[in-house]
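Chemist: Below are the sequence and a predicted model for it; my questions follow.
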Amino acid sequence: AGMLISSPAGNDLLFDESLCEQGRNFSNKIWNALRLVKSWEPEQREQPEAAKVALKWMDERIAEVMTELDDHYSKFRISDVLMTAYKFTWNDFCSWYLEAVKPVYGEQIDEKTHAKVIEHFETVVKILHPLMPFITEEIWHLLLERKSPQDSLVIASWPEAGTPDKDFLKGFSRSTEVITSVRNIRKQNNIPNKEKLKLEIRGEDQNEKDFHCLIEKLCNLESINEVSELPSQAFTFVMGGAEYG
């Protein structure tokens, strides 16, 4: 993975062991994601709102990524293919997505969310298979029991590109920026993650309220409220046309 990422067309590359380590770390990241998903025991319960938002986002993100990958493949940009797949897998799937759908402590994941997570994981290993055939084939068979050789990943169909909902993707991206800002405030002020906070917002767009459930979960918030003025003693930050505190 590391060698391919660092080898754009037309350039020579000197061997460096750190590039092999990058590939190893990436393989470990995917394997740990599998271990996490396999540790969940689905049960029949109501699907959390944050999970619904995350599942829709992953559908839209896959549609966007597949369009990018198909374009790179058509132009033989293999380094760009791997960079796109790498960032999507590490940042989007393993980090934001799995954290968003992960059940809260003491609970199990609901059946509907679990089934969709498996489906999305299958798409991820399909995307990575041409670049990392062995580990992805192994993960493919560990995700679900495959009944025949015809169910092997090596002959599975390539995911189709789609037309993503750009507004939804933009809204989700905005929510991740808010989450990161709240986490930075916790870190800078030594506020424990287990301590629930209140977030108050002034001047937020209406469509951004759809992502409040996600922000509440990933920031461990007690509530999110819209106000005309932020409290004078609050830790604040500005994003776009809105103020948060």
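Modeler: Looks like it came in fine.
Chemist: Contact partners for Glu99?
Modeler: Glu99 makes contact with Leu218 under the criterion CB atoms under 8 Å, 6 or more residues apart in numbering. For glycine as for every other residue, the C-beta is placed from the backbone atoms N, C-alpha and C.
Chemist: Please apply the same query to Asp210.
Modeler: Asp210 touches 53, 171, counting by CB under 8 Å, 6+ apart.
Chemist: how near is it to Lys196?
Modeler: As judged by CB to CB, to the nearest Å, Asp210 and Lys196 stand 22 Å apart.
Chemist: for Val227, same thing?
Modeler: Distance from Val227 to Lys196, by CB to CB: 18 Å.
Chemist: same deal with Glu68?
Modeler: 38 Å.
Chemist: between these two, who's got more neighbours?
Modeler: Taking neighbours as other CB atoms under 10 Å, Glu68 and Lys196 compare with Glu68 leading, 15 against 11.
Chemist: Now the helix or strand hosting that one: buried residues?
Modeler: Using DSSP states H and E, Glu68 sits in helix 49-74. Residues 50-55, 57-66, 69, 72 are the ones in helix 49-74 that count as buried (16 or more other CB atoms under 10 Å).
Chemist: So which elements touch the helix or strand that it is followed by?
Modeler: As assigned by DSSP H and E, the chain's next helix or strand after helix 49-74 is helix 78-87. For helix 78-87, the elements it packs on are helix 2-5, helix 49-74, judged by 3 or more CB pairs under 8 Å, 6 or more residues apart in numbering; DSSP states H and E.
Chemist: The last one vs helix 78-87, what angle?
Modeler: Here helix 49-74 runs at 170 degrees with respect to helix 78-87, directions being taken by axes from the mean of the first three to the mean of the last three CA atoms, to 10 degrees.
Chemist: elements contacting helix 49-74?
Modeler: For helix 49-74, the elements it packs on are helix 78-87, helix 98-101, helix 111-128, helix 166-188, helix 212-219, judged by 3+ CB pairs under 8 Å, 6+ apart.
Chemist: avg pLDDT for stretch 179-194?
Modeler: The average pLDDT within stretch 179-194 is 91.
Chemist: Can you tell me the centre-most residue of the chain?
Modeler: Per CA atoms, centre = their mean, the C-alpha nearest to the average position across the chain is that of Asp92, at 2.7 Å.
Chemist: which residue packs closest to that residue, ignoring adjacent ones?
Modeler: Arg61 (5.7 Å; CB to CB, 6 or more residues apart in numbering).
Chemist: Can you list phi and psi of Trp40 for me?
Modeler: phi -80, psi 130 (degrees, to the nearest 10).
Chemist: lowest confidence element among the helices and strands of this structure?
Modeler: The least trusted helix or strand in the chain, going by mean pLDDT, DSSP states H and E, turns out to be helix 2-5, with a mean of 60.
Chemist: low-confidence ranges in the protein?
Modeler: Applying pLDDT under 70 to the chain flags the ranges 1-11, 13.
Chemist: Quick check: which helices or strands does whichever strand or helix holds Arg24 pack against?
Modeler: Per DSSP H and E, Arg24 falls inside helix 17-39. Packing partners of helix 17-39 (3+ CB pairs under 8 Å, 6+ apart): helix 2-5, helix 98-101, helix 111-128, helix 133-143.
Chemist: so Glu229 makes contact with Gly203?
Modeler: No - with contact defined as CB atoms under 8 Å, Glu229 does not count as touching Gly203 (10.8 Å).
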